[in-house]
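A.B. asks: Quick one, fold the following:
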Amino acid sequence: MKRTEDPRRRLRIEIEGDVQGVGFRPFAWRTATGLAIGGFVSNTNRGVLIEAESTDAGITDFLRAIEDDPPPHAVVRGVTVSELSPVGATVFEIRDSIATTGARPSIAPDLATCAACVAEMFDPGNRRHRYPFINCTQCGPRYSILRATPYDRANTTMRGFALCEACAAEYGDPHDRRFHAQPNACPVCGPQLALWHPDGREAGRHDAALLAAADAVRAGAILALKGLGGFQLVVDARNEDAVARLRTRKRRARKPFAVMFPDIDAAGTVCSLSADERALLLGAAAPILLVARRGRGGDALAHAVAPGNPRLGVMLPYTGLHHLLTHALRFPVVATSGNLAGECIVFDEREALHRLGGLADLFLVHDRPIARPLDDSVSQMALGREMVLRRARGHVPRPVRIDPPPPATLAVGGHLKSCVAAAVGESAILSQHVGDLGSASAASAFAAAVNDVQMLGGARAERVMRDVHPDYASTRFALNCGLPTVAVQHHLAHVMACVAEHRMPLPVLGIAWDGTGAGADGTVWGGEFLLAAPGGWQRVASFRPFPLPGGEAAVREPRRAALGLLTDLLGDALWERHDLLPVCSFTARERAVIRRMLDRGLNTPRSSSAGRLLDALSSILGLCQCNDFEGEAAIALESAASGLSAPGYPFDIIEGDVLRLDWRPMLVTVLNDVAAGRPVGAIAAAAQTTLCDMAVAVARRVGEQRVALGGGCFQNRRLLEGVVTGLGAAGIEARWPQQVPPNDGGLALGQLRWAVESIGMEAN
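C.D. replies: Numbers count the residues shown, from 1 in each chain. Model prediction:
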C-alpha cells in the first residue's frame, strides 16, 4: 500500500517591528486557536517568536493574518520564516519571554487612552471607575515606564506594583484585552494620586486630590501636574490674570502656550479643524497640533495664551488623569511643560518641588515612577500630511528605516532641539526631544538619551557622528566619549534627514534653510543648496551673505539682522534713514556702537542665513524687533501674510563657483512698498513668495530632478508649500520632512544617514 505523507507543517516565525506592548501575543493566540494551530508565541529581545504547526492551508491563513491584520497599534517591519520538523503540537501556548542575542525589539510609543478604557473609567459600575491610571494593551504608558528590554512588567517602573487577584486574572487571560498589559492596575493595587503643597505637605489623596486640584485651577491657581512623561503646568486658559501670572513665573513673555480642551467639540468651537486635523487629535499619538483659530471663537481664551498668533497649539486629554481633570473643569486649560525657560522638563515629584516650587501653587502627583522625560509631541498639517515639529510622546521610540542601512553608529545631533540616534540594523532609533543643551538638566537628559537609544539597539556604537561646530555641547560629548568621530556639516545633515526619512536615492539637490550653522568654509551658513551624491557633496548655491552685528545677539534681536541687511544695501546712508523701523528702534548711542562694529568688522560675522533674512524682513515691517523665543520674528512674518497671496519681488542670481541668490532687488522694492504705505501683510506675502521663486530658480539651474528640503525655516508652511508646489510645476520631485522634524530635531537622523556615505573617511 502506498503511504500517504503527513500534510502538517511547522514554521518558526520571527517578527520584527512595533510588536511588544500592543497585544501581539494574545492576537497570535486567538488567531492560532481559531485556525486549530498548535505551537507557541513569545517575546524575545528581537521582537516576537512564533512556532506554528498545522496543515498547509492553516499555516497560510495564519501568516496572512499576521501580515494583513495585526493589532491596531502594531507595525510589522519584517517576518522571517523557516521550516521545522512537526512535533505533533495541537495546543497553542503563550510562553514567557525568551532571551536572544542581536538587535532589540521595537517598543511601542506611549498611547493615548482608548475609548474602551475611557468608557470604563466613567462607568460607576466598573471597578476602575474614576481610576486615572486605567490602560489596556491598546493604550497607556509604554516607553515612559520602560527600564530595559524585552517589554515585560519586571522591566518597567510598574515592577513595584504587585497585581491584585482581579488584575492578575485579566493579565493571564488571553481572551481579555488586558492580557499581558504591562501597566495593568486598578485602585486596589496600582499607582495613586496625591495633592501636595509647595512645601511637600499633603493636601489630599486619591479622587479627593483630583477634585481639590480642579477646584484650585477653577479659582485661578497654577497646578503642577505629574503626567505621563513629566510635569505640566496647568491654568485656566480663560483666566487672563492666571495666564499672565504663569508667564511671569515661567519667564516666558510671549511664546504661545498649548491648550488642552475637554473634547474635540470644545476644540472645534475655538479652532477651525479639518477632518485630517480631527483625526490626528483623536489618534493614539495625540500630539499638540497647530491649527487655525476660528474668527471670534478665540475670544473664549485669554489673550495672553497666544498673543497675536492666528494659530493655536491644541491638544486633547490623552491619559485617564487628563480626562478626569478636564471632565471636572469642563473648560480649556493651558497645559505647558513643567520647567523654566531653557530647562528640561521635570519628571520626578521631589525634584519638582525644588525646580517648580516658585512656579506652581499646588502639585498633583502620583507614585508611578517615570523612566525618562517625555515632552508632548508637536505637529501641524502641511500639504495634506502630518508634519512633526517636535518628536516625543506618541512617536518615540518608533524607529525610522534607513536604506541603505548605516554601520554601528551613534549620532549626537546639534545643540538646539537636541535629539540623538543610533543605528539598529536597517533602522535608526531616535531619542525623544531633549531640548536645548544649555542647562544641567538638559545635559543629564542628553546623556540618558544616549544610553537609551543604545539600550534599545542592543549594540554599542563603533563611531560617533557629530556637527562640525566645535562649541556645541553635543560635539564636546562626542569628542570625549572615546570613540572615533566623523563631523557632518550642519546643513548637509538637514538634507540627509529628509533623504533618510523618504529613503531617497542619491544624488539629490538639498535645500537647507535655517537660522545659522557652521559652514564648511569657516563662515556662517543658513540658506544653502547642496548637491549630495554617493560619497560626497558640494555647495552649489546660497543666499548672498550679509553681516550680523553682534553675532549671537542678532539671533535674539532681528533688528540687528535688519541693520546688517540694510547696510549692505544702503551703506552709510542707512544711518540717516530714521523712517526705517530697525534704525529708530535703537537709541543714538546704540546706533553709534553698531555702526562702528559694522565699519570695523568687529563681531559681525557674515551669514547666508535664510532664517536671519526672514528675521530682518520682519523687523523692517515692524512685526518684531526682539525675539522673546526662537523663531518669533519669522512666525510673525508668516502670520502677517496669512490668507493673502502676492506675486514675488525681483531678485538676481550671481554666477560663480557657488551661485549667489541676490536679495537686494527684493529689498529695494520692499522699502519702496513700505514708503508707499502698502499693507504689511501684502509685503510679507510677496517677500515669502520671492524666496519660493528663488528656490525654484536654483533647482531649474542645477538640473537635478530630486529635491530634499530641510531646516527650521520649512516649519513655515507658506515657504514649504510654495517651494514644493513651485518645484512640482517645474517637473521636479520634492520631498519634505514629515515624521522627523525639519528643525535641529532631525539632525541626528541626517548624521546617521551620512554615515553610510562617509565609510572610509578619516575619523578623528
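A.B. asks: Output the longest helix anywhere in the chain in CSV with nothing but the alpha carbons.
C.D. replies: The helix that spans the most residues within the chain, counting by DSSP state H, is helix 680-702. Only the C-alpha atoms of helix 680-702 are listed here, as CSV (Å, rounded to 0.1, in the frame of the first residue of the first chain):
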residue,chain,number,x,y,z
VAL,A,680,2.3,95.0,5.7
GLY,A,681,0.6,91.6,5.1
ALA,A,682,0.8,92.1,1.4
ILE,A,683,4.5,92.9,1.6
ALA,A,684,5.1,89.9,3.9
ALA,A,685,3.3,87.6,1.4
ALA,A,686,5.3,89.0,-1.6
ALA,A,687,8.6,88.6,0.2
GLN,A,688,7.9,85.0,1.1
THR,A,689,6.8,84.3,-2.5
THR,A,690,10.1,85.6,-3.6
LEU,A,691,12.1,83.1,-1.5
CYS,A,692,10.0,80.3,-3.1
ASP,A,693,10.7,81.7,-6.5
MET,A,694,14.4,81.7,-5.7
ALA,A,695,14.4,78.1,-4.7
VAL,A,696,12.7,77.0,-7.9
ALA,A,697,15.1,79.1,-10.0
VAL,A,698,18.1,77.5,-8.5
ALA,A,699,16.7,74.0,-8.8
ARG,A,700,16.0,74.6,-12.5
ARG,A,701,19.5,75.9,-13.0
VAL,A,702,21.1,72.9,-11.2
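A.B. asks: ok, then the element right after it?
C.D. replies: strand 706-710 (DSSP states H and E).
A.B. asks: Setting the sequence-adjacent residues aside, check what's closest to Val412.
C.D. replies: Ser474 (4.2 Å; C-beta to C-beta, 6 or more residues apart in numbering). In short, each C-beta sits where N, CA and C put it, glycine included.
A.B. asks: Could you give the number of residues near Thr587?
C.D. replies: 9 (other C-beta atoms under 10 Å).
A.B. asks: ok, now Pro369?
C.D. replies: Pro369 has 17 nearby residues by other C-beta under 10 Å.
A.B. asks: I'd say it and Thr157 touch.
C.D. replies: Yes - counting by C-beta atoms under 8 Å, Thr157 is a contact partner of Pro369 at 4.1 Å.
A.B. asks: Next, show the common contact partners of the two.
C.D. replies: Common neighbours of Pro369 and Thr157 (criterion: C-beta atoms under 8 Å, 6 or more residues apart in numbering): Ile145.
A.B. asks: Neighbouring strands of the helix or strand of the chain with the lowest mean pLDDT in the sheet, and parallel or not?
C.D. replies: Across the helices and strands of the chain, mean confidence by mean pLDDT, DSSP states H and E is lowest for strand 106-107: a mean of 76. The strands that strand 106-107 pairs with in its sheet are strand 8-20 (parallel) (by DSSP bridges).
A.B. asks: Show me where the stretch 101-250 of the chain dips below the pLDDT cut-off.
C.D. replies: 101-105 (pLDDT under 70).
A.B. asks: so where do the helices sit in it?
C.D. replies: 115-121, 165-171, 206-218, 240-250 (DSSP state H, counting those that start in this stretch).
A.B. asks: Show residues contacting stretch 210-222.
C.D. replies: 132, 193, 195, 203-204, 223, 225, 233-236, 239, 241-242, 245-246, 249, 321, 324-325, 328-329, 333, 359-362, 364.
A.B. asks: I'd like the distance from it to the chain centre, please.
C.D. replies: Using C-alpha atoms, centre = their mean, to the nearest Å, the mean C-alpha position of stretch 210-222 is found 30 Å from that of the whole chain.
A.B. asks: what do you get for stretch 72-83?
C.D. replies: The answer for stretch 72-83 is 26 Å, by C-alpha atoms, centre = their mean.
A.B. asks: how about it: buried residues?
C.D. replies: His73, Ala74, Val76, Arg77, Val79 (16 or more other C-beta atoms under 10 Å).
A.B. asks: So for it, mean pLDDT?
C.D. replies: Average pLDDT, stretch 72-83: 86.
A.B. asks: let's number from 642 now, not from 1
C.D. replies: Noted, 642 is the first residue going forward, which turns the last one into stretch 713-724.
A.B. asks: what's next to that stretch, contact-wise?
C.D. replies: So stretch 713-724 is contacted by 650-660, 663-665, 668, 704, 707-708, 711, 747, 749, 752, 779, 925, 1039-1040, 1042, 1068 (C-beta under 8 Å, 6+ apart).
A.B. asks: Stretch 908-920 now?
C.D. replies: Residues contacting stretch 908-920 (C-beta under 8 Å, 6+ apart): 900, 902, 905, 922, 930, 932-935, 938-939, 941-942, 953, 955, 957, 973, 1022, 1025, 1027.
A.B. asks: So which of the residues you listed belong to strands?
C.D. replies: Using DSSP state E, Val900, Leu930, Val932, Ala933, Arg934, Leu953, Val955, Met1022, Glu1027 are the members of those that sit in strands.
A.B. asks: Could you measure from the nearest residue to Arg1009 once chain neighbours are set aside over to Asn776?
C.D. replies: Closest residue in space to Arg1009, ignoring its immediate chain neighbours: Pro832 at 3.7 Å, by C-beta to C-beta, 6+ apart. According to C-beta to C-beta, to the nearest Å, Pro832 stands 11 Å off from Asn776.
A.B. asks: Those two: who's more crowded?
C.D. replies: The neighbour comparison of Pro832 against Asn776 (other C-beta under 10 Å) goes to Asn776, with 25 against 19.
A.B. asks: From Arg649, how far off is the nearest residue to the more buried one once chain neighbours are set aside?
C.D. replies: Spatial nearest neighbour of Asn776, excluding adjacent residues (C-beta to C-beta, 6+ apart): Pro824 at 5.0 Å. According to C-beta to C-beta, Pro824 and Arg649 sit 39 Å apart.
A.B. asks: Same drill for these two, tell me which one is more crowded.
C.D. replies: Pro824 (26 against 17).
A.B. asks: If any of the contacts of stretch 851-863 are buried, give me the PyMOL selection for them.
C.D. replies: Buried subset of the contacts of stretch 851-863, written as a PyMOL selection, criterion 16+ other C-beta under 10 Å:
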select buried, resi 773+834+836+844+845+864+866+874+875+876+877+880+883+886+887+890+962+965+966+969+970+974+1000+1001+1002+1003+1005
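A.B. asks: I figured Cys1225 hits His1219, correct?
C.D. replies: Yes - using C-beta under 8 Å, Cys1225 is in contact with His1219, at 5.2 Å.
A.B. asks: if we can go back for a sec, got a list of contacts for the least confident helix or strand of the chain?
C.D. replies: 657-662, 688, 716, 718, 783-784, 787, 790, 792, 1038-1040, 1068, 1097.
A.B. asks: can you give me the strands in the stretch 1092-1241 of the chain?
C.D. replies: Assigned by DSSP state E, counting those that start in this stretch, the strands in the stretch 1092-1241 of the chain fall at 1104-1108, 1126-1129, 1149-1159, 1165-1174, 1177-1184, 1187-1188.
A.B. asks: Okay, now the sheet partners of the longest one, with direction.
C.D. replies: The partner list of strand 1149-1159 in its sheet, established with DSSP bridges, is strand 1165-1174 (antiparallel), strand 1347-1351 (parallel).
A.B. asks: could you give the angle of that strand to strand 1177-1184?
C.D. replies: 70 degrees (axes from the mean of the first three to the mean of the last three C-alpha atoms, to 10 degrees).
A.B. asks: What about Ala982, how many residues nearby?
C.D. replies: 14.
A.B. asks: Tell me which residues touch it, please.
C.D. replies: Ala982 sits in contact with Lys891, Arg892, Arg893, where contact means C-beta under 8 Å, 6+ apart.
A.B. asks: Just say helix, strand or coil for Arg1301.
C.D. replies: Assigned with DSSP: H, G, I helix; E, B strand; the rest coil, Arg1301 falls in the strand class.
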